[in-house]
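Peer 1: My questions are about this predicted structure, shown below with the sequence.
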Amino acid sequence: MPHPKRGHRRKFSSTATVWAAAITTLALPFLLCCGYSPARIAEVQQPGDSGWQADAPIEDGSAREFLRPETELAASNDADSPWLEGKVVSITDGDTLQVLVDERPVKVRLEGIDCPETGQPFGTAAKKHLASLCFGKQVRVRVTGQDRYGRTLGEVLVGDESANHALVRDGFSWHYKKYSSDAALAASEVSAREAKVGLWADVNPIPPWEWRDLSASERAARVANAPPREVEPRAPPAEGEPVARYWLNTSTGARHNSSCRWFGNTKQGRYCGPNEGDACGMCGG
């Protein structure tokens with residue numbers, strides 16, 4: 001004769017299994033809507049008396065399934081980095097632009113560099129240089145993360161050229177060593193410093209992270225008391241190679257040479273020849 005308690009145990013186990021199967025069937029659509037894949041559900045659902053086990057810790061980064069695209073971006077290698085493609089429709093400053101991706105504007109902060117701020121010496125020139133590199137062009141953005149302002153961080157590629165590297169190489173940006181250990185950016189800054197191109201023509205250029213900590217009066221004093229730029233003689237350009245040695249402020253008509261603090265640093269202007277406009281009273285044009 002079967003033991004009464006054993007029969008009761010078998011009956012209870014059978015009932016629990018039926019209930020577990022029912023719960024599984026009802027919960028499946030909800031779990032799928034919440035983003036769980038069938039494979040993930042299969043991992044979590046284990047056979048047994050209860051039908052379910054406590055969810056195991058998620059490993060190998062699979063928790064990213066439940067993050068917004070912007071927040072899942074973490075330091076990664078090039079092969080794993082997500083990419084955006086679109087047209088550059090706006091230039092905010094030397095290291096920030098907007099890319100139109102699927103009819104949606106995405107603000108991109110160029111990773112690993114820091115350009116002079118708006119109102120800072122060479123801030124306008126850096127913005128113009130970024131515009132010359134990519135404004136109105138189709139670009140690819142290798143996304144590396146998101147900053148505290150919600151901007152997408154990344155490397156902007158125009159064809160095969162990196163705008164990030166071009167800005168540092170041409171003397172319109174610092175390598176932002178606090179947040180980047182990129183060896184190529186570091187080497188480009190060293191080369192630009194040695195050649196005294198762009199902002200490195202100044203004897204003591206102010207890094208933007210220091211500029212941001214200054215008051216308005218301190219900024220004005222730093223600009224007014226800045227020493228003249230050191231410009232070393234350079235080899236003559238190769239035949240057909242354009243060289244920008246003069247800057248015309250199209251608002252005032254003043255012409256500035258490359259030793260002037262206003263060279264490439266007026267709100268309105270362009271590169272010009274030695275006989276255009278009126279000579280600057282400070283640098284002699």
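Peer 2: Yes, it's here. Numbers count the residues shown, from 1 in each chain.

Peer 1: In the stretch 51-200 of the chain, where is pLDDT below threshold?
Peer 2: Counting by pLDDT under 70, the ranges of the stretch 51-200 of the chain that qualify are 51-80.

Peer 1: would you list every one of the strands in it?
Peer 2: Taking DSSP state E, counting those that start in this stretch as the criterion, the stretch 51-200 of the chain contains strands spanning 83-93, 96-101, 104-110, 113-114, 138-146, 152-158, 161-162, 174-175.

Peer 1: right, so those: which one is the most enclosed?
Peer 2: Ranked by mean neighbour count, the strands of the stretch 51-200 of the chain are led by strand 113-114 with a mean of 26 (mean count of other C-beta atoms under 10 Å). C-beta coordinates here come from the backbone N, C-alpha and C atoms, glycine included.

Peer 1: How about residues contacting it?
Peer 2: Where contact means C-beta atoms under 8 Å, 6 or more residues apart in numbering, the residues beyond strand 113-114 that reach it are 95, 164, 167-168, 173-176, 180, 185, 207-209.

Peer 1: So how do I select the buried members of those residues in ChimeraX?
Peer 2: Here is the ChimeraX command that selects only those of these that count as buried (16 or more other C-beta atoms under 10 Å):
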select :95,164,167,168,173,174,175,176,180,185,208
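
Peer 1: so P105 touches V89, yeah?
Peer 2: Yes: taking C-beta atoms under 8 Å as the definition, P105 is a contact partner of V89 at 6.6 Å.

Peer 1: who touches both of the two?
Peer 2: Residues within reach of P105 and of V89 at once, by C-beta under 8 Å, 6+ apart, are 98-99.

Peer 1: Break down this structure into its helices, ranges please.
Peer 2: Secondary structure of the chain (DSSP state H): helices at 4-33, 38-44, 123-134, 163-169, 183-195, 208-211, 216-224.

Peer 1: Give me the buried positions along the third one.
Peer 2: Same thing as helix 123-134. Buried residues in helix 123-134, counting neighbours by 16+ other C-beta under 10 Å, are found at 123-130, 133-134.

Peer 1: any idea of the pLDDT on the nearest residue to R222 once chain neighbours are set aside?
Peer 2: In this structure, R222 finds its nearest non-sequential neighbour in I206, 6.1 Å apart by C-beta to C-beta, 6 or more residues apart in numbering. Per-residue confidence for I206 comes out at a pLDDT of 92.

Peer 1: Could you do the one 4 residues further on as well?
Peer 2: Taken from the predicted model, the pLDDT recorded for E210 is 94.

Peer 1: What is the neighbour count of it?
Peer 2: By the criterion of other C-beta atoms under 10 Å, E210 has 11 neighbours.

Peer 1: same thing with S81?
Peer 2: With neighbours defined by other C-beta under 10 Å, the count for S81 comes to 17.

Peer 1: Nice, that's everything, thank you.
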